[in-house]
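1. below: sequence and its predicted model.
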Amino acid sequence: MLILKKRSAHVFAGLVAGFFCSTAIALDLNLGFDVGIDKKTRALIQQMPAEVRVQIEKLLVDAQPLIDQSVLLYLNRIDQILADRLSQVQCVADGVTKTAIEELIAKLKPWKDGPTVVGDLAKSVEHYPDKVKRKFTPEQYRITYADLLNNAHTVACAVKDTPIAEQEVMKIRFDLTTRIRPWVRLEDESCADAHSCLQLMKGRVGKDLSLADIRDSSEPKKRLDEIEIPKQSWGNFNPLPYEINLREVYEISDEVKIKTELRKFRGTEAMNNATKIAENLDSILKAAQQIGNNKQALESAIETLVQHKNDKISVEKTVSNAMDILPSLASDGKILNARIHSLDANIDPIIATLRVRIVSLDKPPGPFVGCSGGGGGGGKAGHCNPY
């Protein structure tokens, strides 16, 4: 049987299986689950039973720590999650299954020694290129693969009580859902056949890479440049090289999109952290100026202000890091640096004012203006009239 062996060295696909299913990658930089998933796959997941959908979303979120090691490592994990959860067979009632299997056996024309539905399914997949014409549209590719997936589903139900056989069918389903992926994603594109679709997507992704941060696009651009439009004679047409290259183009595109989103997320997060430090210092300065004549409160305010004398350095370092990650934050960074400089310039003057107030509280009260000493010659005691 033919299970497509030539997989990209940068395996980078999510898998959703069913009768007519699409596939996608999954990453949410807001720590949800669906940033990077194309709209068709997102809609399919949302239509799943609630318990299955919750399981998928949780697994996708739990996999996110892998991003710190490698985006591709993370995406491989996503591939496994979706393949495992969304390729699970939901078989119909036994009577209906039996009828469907009998019809499929007749359709696949099994060998003389009896029904061999797994082998026949594999053979029908192996002969897939024979069913494809050079001018097949993306829709015709989707329909052809959908028929194969439908057959695989029926066979999976037929062998569900035989784990080893079911495992082999699952491999076929996984392979088919990977191969249908580019044709599903091309549904809204204006290209007529495999050749024009590959040309269209390679050109578009090339433009997208030219706009991305070079730190994210340098290596993917080399991979994209290595992808060639297959040259085939008019006599024989094989769609598999086009499908392999289309998947690689989409993988490159998705990888760079995720890296771009990750860069945006981390740069913005760093800038937000710097902003919080500045806002906190602003609040501390305002609170210090509103303290009443309470020595303990004044001393506590001075201690707090001293502890925050390094906030300017912290903000400057964090802003510098944010702008390095995401250069488009340069304008915001300049404004924030100016703000923290202004706030920092107020720390020492406010501390000095608070210390003067503490000293004034420590002084004993002096005599009122207008107080006099001893009395006159009449021997009367002195008096003080503050009014």
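-> Great, that's in hand. Numbering: from 1, shown residues only.
2. all contacts plus neighbour counts: C-alpha atoms, from now on.
-> Noted.
3. and for residue 155, the neighbour number?
-> Counted with other C-alpha atoms under 10 Å, the neighbours of residue 155 add up to 25.
4. give the buried residues for the helix or strand hosting residue 183.
-> Element membership for residue 183 (DSSP states H and E) is helix 163-185. Across helix 163-185, burial judged by 16 or more other C-alpha atoms under 10 Å covers 165-166, 168-170, 172-185.
5. what does stretch 336-346 give?
-> 336, 337, 339, 340, 341, 343, 344.
6. next: stretch 267-286.
-> So for stretch 267-286, counting by 16+ other C-alpha under 10 Å, buried means 267-268, 270-271, 273-275, 277-278, 281-282, 284-285.
7. same check on stretch 353-360?
-> Within stretch 353-360, the residues scored as buried using 16+ other C-alpha under 10 Å are 354, 355, 357, 358.
8. could you find the closest non-adjacent residue to the last one?
-> It stands for residue 358. residue 295 (5.9 Å; C-alpha to C-alpha, 6 or more residues apart in numbering).
9. and residue 273, by the same measure?
-> Nearest non-adjacent residue to residue 273 (C-alpha to C-alpha, 6+ apart): residue 318, at 7.6 Å.
10. that neighbour touches residue 271, doesn't it?
-> Yes. With contacts counted by C-alpha atoms under 8 Å, residue 318 reaches residue 271, the gap being 6.9 Å.
11. rewinding a little: filter the buried residues of stretch 353-360 down to just the ones in helices.
-> 354, 355, 357, 358 (DSSP state H).
12. all helices for this structure, in order.
-> 39-46, 50-62, 71-86, 94-108, 117-126, 128-131, 138-158, 163-185, 194-211, 214-226, 240-288, 295-307, 311-325, 330-362.
13. now these as a markdown table including distance to residue 233?
-> Formatted as a markdown table, the helices of the chain follow (distance: least, C-alpha to C-alpha, whole Å):
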| stretch | distance to residue 233 |
| --- | --- |
| helix 39-46 | 35 |
| helix 50-62 | 44 |
| helix 71-86 | 35 |
| helix 94-108 | 30 |
| helix 117-126 | 21 |
| helix 128-131 | 15 |
| helix 138-158 | 20 |
| helix 163-185 | 23 |
| helix 194-211 | 13 |
| helix 214-226 | 21 |
| helix 240-288 | 13 |
| helix 295-307 | 76 |
| helix 311-325 | 48 |
| helix 330-362 | 53 |
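14. as JSON lines, these with mean pLDDT would be great.
-> Below are the helices of the chain laid out as JSON lines (pLDDT from 0 to 100):
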{"stretch": "helix 39-46", "mean pLDDT": "68"}
{"stretch": "helix 50-62", "mean pLDDT": "80"}
{"stretch": "helix 71-86", "mean pLDDT": "67"}
{"stretch": "helix 94-108", "mean pLDDT": "56"}
{"stretch": "helix 117-126", "mean pLDDT": "90"}
{"stretch": "helix 128-131", "mean pLDDT": "90"}
{"stretch": "helix 138-158", "mean pLDDT": "90"}
{"stretch": "helix 163-185", "mean pLDDT": "87"}
{"stretch": "helix 194-211", "mean pLDDT": "96"}
{"stretch": "helix 214-226", "mean pLDDT": "95"}
{"stretch": "helix 240-288", "mean pLDDT": "94"}
{"stretch": "helix 295-307", "mean pLDDT": "95"}
{"stretch": "helix 311-325", "mean pLDDT": "97"}
{"stretch": "helix 330-362", "mean pLDDT": "95"}
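15. thinking again about what came up before, let me have the buried residues of stretch 353-360 in TSV, extended by distance to residue 313.
-> Below are the buried residues of stretch 353-360 laid out as TSV (distance: C-alpha to C-alpha, whole Å):
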residue	distance to residue 313
354	24
355	25
357	29
358	29
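16. which among these gets closest to residue 128?
-> Closest approach between the buried residues of stretch 353-360 and residue 128, by C-alpha to C-alpha: residue 354, at 83.7 Å.
17. where's that closest one relative to residue 288, distance?
-> Plainly put, residue 354 is 8 Å away from residue 288 if you go by C-alpha to C-alpha, to the nearest Å.
18. find residues that contact each of these two.
-> Common contact partners of residue 354 and residue 288 (C-alpha atoms under 8 Å, 6 or more residues apart in numbering): 298, 302.
19. re the thing from before, spatially, which two of the buried residues of stretch 353-360 are the most separated?
-> Largest pairwise distance in those, by C-alpha to C-alpha, is 6.3 Å, between 354 and 358.
20. which residues are common contacts for the two?
-> In contact with both residue 354 and residue 358: 298, 299, using C-alpha under 8 Å, 6+ apart.
21. let me see the domain layout of the protein.
-> Per the record, the chain has its domains at 88-259, 266-362, by automatic domain parsing.
22. how long is the last one end to end?
-> One end of domain 266-362 to the other measures 51 Å (C-alpha to C-alpha).
23. and if you look at stretch 299-314?
-> OK, stretch 299-314 end separation, C-alpha to C-alpha: 24 Å.
24. next, the buried residues of that stretch.
-> 301, 302, 304, 305, 308, 311, 312, 314.
25. the second one reaches residue 353, doesn't it?
-> No. Taking contact to mean C-alpha under 8 Å, the distance of 9.8 Å between residue 302 and residue 353 leaves them out of contact.
26. ramachandran angles for residue 213?
-> phi -60, psi 130 (degrees, to the nearest 10).
27. still on that earlier bit, any chance of the buried residues of stretch 267-286 in a markdown table, with distance to residue 239 too?
-> Formatted as a markdown table, the buried residues of stretch 267-286 follow (distance: C-alpha to C-alpha, whole Å):
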| residue | distance to residue 239 |
| --- | --- |
| 267 | 42 |
| 268 | 43 |
| 270 | 47 |
| 271 | 48 |
| 273 | 51 |
| 274 | 53 |
| 275 | 54 |
| 277 | 57 |
| 278 | 59 |
| 281 | 63 |
| 282 | 64 |
| 284 | 67 |
| 285 | 69 |
